[in-house]
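*Asks:* Got a predicted structure here, sequence first:
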Amino acid sequence: MDPHIRRAPDVLETGAPVETVCGEIDEALAADDARREARRSARTRSEGRLTDLPRLLRWIGGAVLVVAAFTFMLQSWERADDLARYYHFLAFTGTLTVAGFFCGLRIREEKGARTFLGLAAGAVPVHFTVLGALLYSQFPWLSGFVAYPDYAHFSAPHPAAALLTAAIGVAVLVPVCWTAFLTLARPEAKRLTAAYVLANAALLVPTRNADVIGVLALVLLMGCLFFDRRFLQPAQGLRTLEGRFVRLLMGVPFVVLIGRTLNLYEPSALFVAACAASLAALLFKLAPLAAGRNLDVDALQHLALVPAGLACWHLAHGVLDTFGGPEAALLPLACLPTAGVYAAMSLRAAGDGARMRSLAAMVAAGGMALQLVLFPGVLSSVACLATAILATAYGYAAEQRGVLVTGGAAVAFGLLYHLRYAAELYALSPWAALAALGIATVVAASLLERHHRALGARLGALRARLADPGR
């Protein structure tokens, strides 16, 4: 008999070697479980990578197609004219649409179809830009000669070719937009198609005048913001990734208008004013969207006051440059509209807007006081006093000490100025201007005393209506 077997009972009787054997067995079982768990984890990771691989390939393929589109537009075309160049690009966009149909109908894979159709919809502003260049080459309006780089030069041989190409392009692109929005945002496809085509139509306007483009871009942006707030933001189906892409797509024509002018043309004061106003509108209107991201909405909306003020300043310069006028008109044209814009923004602010209204009053009163210092005269003194009285009244009613002090100081400064230079200011009419202003102030106080409750109720209703335009 094997001696080890003969000693087994002794081993069992002692007990200690049995525990050692059991421990080794437990370790072996644990190691085996660990190996099985590692194999399962590796298999899970492999399956996860295979699951995410199509998404990665879609992103890479989309990037390659975008680069291919840019390369296609920028490459040398010595053997083809600009019309052939455009028709090739139109065929490229049509190919993307057909590929989307193939993925959706034949392969029955929606994500690939959305990728192709999204890229086709994203190429539409490029088409309208090229079509606008072709129309501009034959129907220039309010623009001078510009030496374009090769990639930006598109010219039609005659007016009929420009019009025909534009008609063919729009006829093809409208169904492309319709198909893309049916796939990306079906419930809003009709509205999105109409709005997107209309927004891109701004690129067809045959002018490169910076003033006209600035106004056109600002109107386009305000229309897009209104459309987004009125129709897209409440839509439940547009809160997905595709929905956010569609909403961003609506702003591409505005970006193209601004970028084209900054890149190829000389910006004017009115164009800079329109860009600053656009930035102010974006900051002010998009700030409430940051409410759930630990950002200060009130601070973002107050930040919009800076470009709004710059817009008014450049607008005043642009008006004087375009229509002519004395240098003394600059401050009133800049400060008073700025105060009005700030007051209007305060009515739509996320908070109570009191600080915006206070700043508006201080800009108006301070600007007119500075106007009186730099350009003394009858008109400057009356404007300073009238504005200062209004600012003082608002500061007292709203309990804003800074506004009250600023307005009161401006009133005192205006009155002292009148007393000091009374003989020079009013040689023909020594007291008529002051008397008229004083009478108007007292009458306004009487009317306010008599109707202050009704006026307060109307102002409250107006503010509520402006805060909720959908009611």
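*Replies:* Ah, there it is. As the structure is a prediction and not an experimental result, all values here were calculated from the model. Numbers count the residues shown, from 1 in each chain.
*Asks:* buried residues in the one helix or strand residue 310 maps to?
*Replies:* In this structure, residue 310 sits in helix 305-323 according to DSSP states H and E. By neighbour count with 16 or more other CB atoms under 10 Å, helix 305-323 contains the buried residues 305, 307-320. In this view, the C-beta of every residue, glycine as well, is placed from N, C-alpha and C.
*Asks:* Who are the packing partners of it?
*Replies:* Contact partners of helix 305-323 among helices and strands, from 3 or more CB pairs under 8 Å, 6 or more residues apart in numbering; DSSP states H and E: helix 269-286, helix 330-347, helix 354-374.
*Asks:* of these, which approaches residue 414 most closely?
*Replies:* helix 354-374 (6.7 Å; CB to CB).
*Asks:* list the buried ones in the helix or strand that the closest one is followed by?
*Replies:* Counting by DSSP H and E, the element after helix 354-374 in chain order, helix or strand, is helix 378-397. Using 16+ other CB under 10 Å as the test for burial, helix 378-397 gives 380-395.
*Asks:* same check, this time on stretch 271-284
*Replies:* 271-284.
*Asks:* could you dump those to TSV with distance to residue 344 and pLDDT?
*Replies:* Output for the buried residues of stretch 271-284, formatted as TSV (distance: CB to CB, whole Å; pLDDT from 0 to 100):
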residue	distance to residue 344	pLDDT
271	23	94
272	21	95
273	16	96
274	17	95
275	20	95
276	16	96
277	12	96
278	16	95
279	17	94
280	11	95
281	12	93
282	16	92
283	15	90
284	10	92
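*Asks:* In CSV, list those along with distance to residue 190.
*Replies:* Compiled in CSV, the buried residues of stretch 271-284 are given as follows (distance: CB to CB, whole Å):
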residue, distance to residue 190
271, 34
272, 37
273, 35
274, 30
275, 32
276, 35
277, 31
278, 27
279, 31
280, 32
281, 26
282, 26
283, 31
284, 29
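*Asks:* For the most centrally placed residue in the chain, give its distance to residue 260.
*Replies:* Nearest to the geometric centre of the chain sits residue 282, at 3.9 Å (CA atoms, centre = their mean). As judged by CB to CB, to the nearest Å, residue 282 and residue 260 stand 19 Å apart.
*Asks:* what does residue 228 give?
*Replies:* Going from residue 228 to residue 260 by CB to CB gives 23 Å.
*Asks:* got the helices and strands packed on helix 305-323 as a markdown table, with distance to residue 223 columns?
*Replies:* Listed next are the helices and strands packed on helix 305-323 as a markdown table, based on distance: least, CB to CB, whole Å:
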| stretch | distance to residue 223 |
| --- | --- |
| helix 269-286 | 11 |
| helix 330-347 | 18 |
| helix 354-374 | 25 |
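*Asks:* Any idea which of those helices gets closest to residue 155?
*Replies:* When those are compared by CB to CB, helix 269-286 sits nearest residue 155, at 24.5 Å.
*Asks:* Could you find the closest non-adjacent residue to residue 353?
*Replies:* In space, residue 353 comes closest to residue 346 once its chain neighbours are excluded; the distance is 3.2 Å by CB to CB, 6 or more residues apart in numbering.
*Asks:* contacting residues around the one you found?
*Replies:* 353, 354, 356, 357, 360 (CB atoms under 8 Å, 6 or more residues apart in numbering).
*Asks:* In JSON lines, list these along with pLDDT.
*Replies:* Listed next are the contacts of residue 346 as JSON lines, based on pLDDT from 0 to 100:
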{"residue": "353", "pLDDT": "85"}
{"residue": "354", "pLDDT": "85"}
{"residue": "356", "pLDDT": "91"}
{"residue": "357", "pLDDT": "88"}
{"residue": "360", "pLDDT": "92"}
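*Asks:* buried subset of the residues you listed?
*Replies:* 353, 356, 357, 360.
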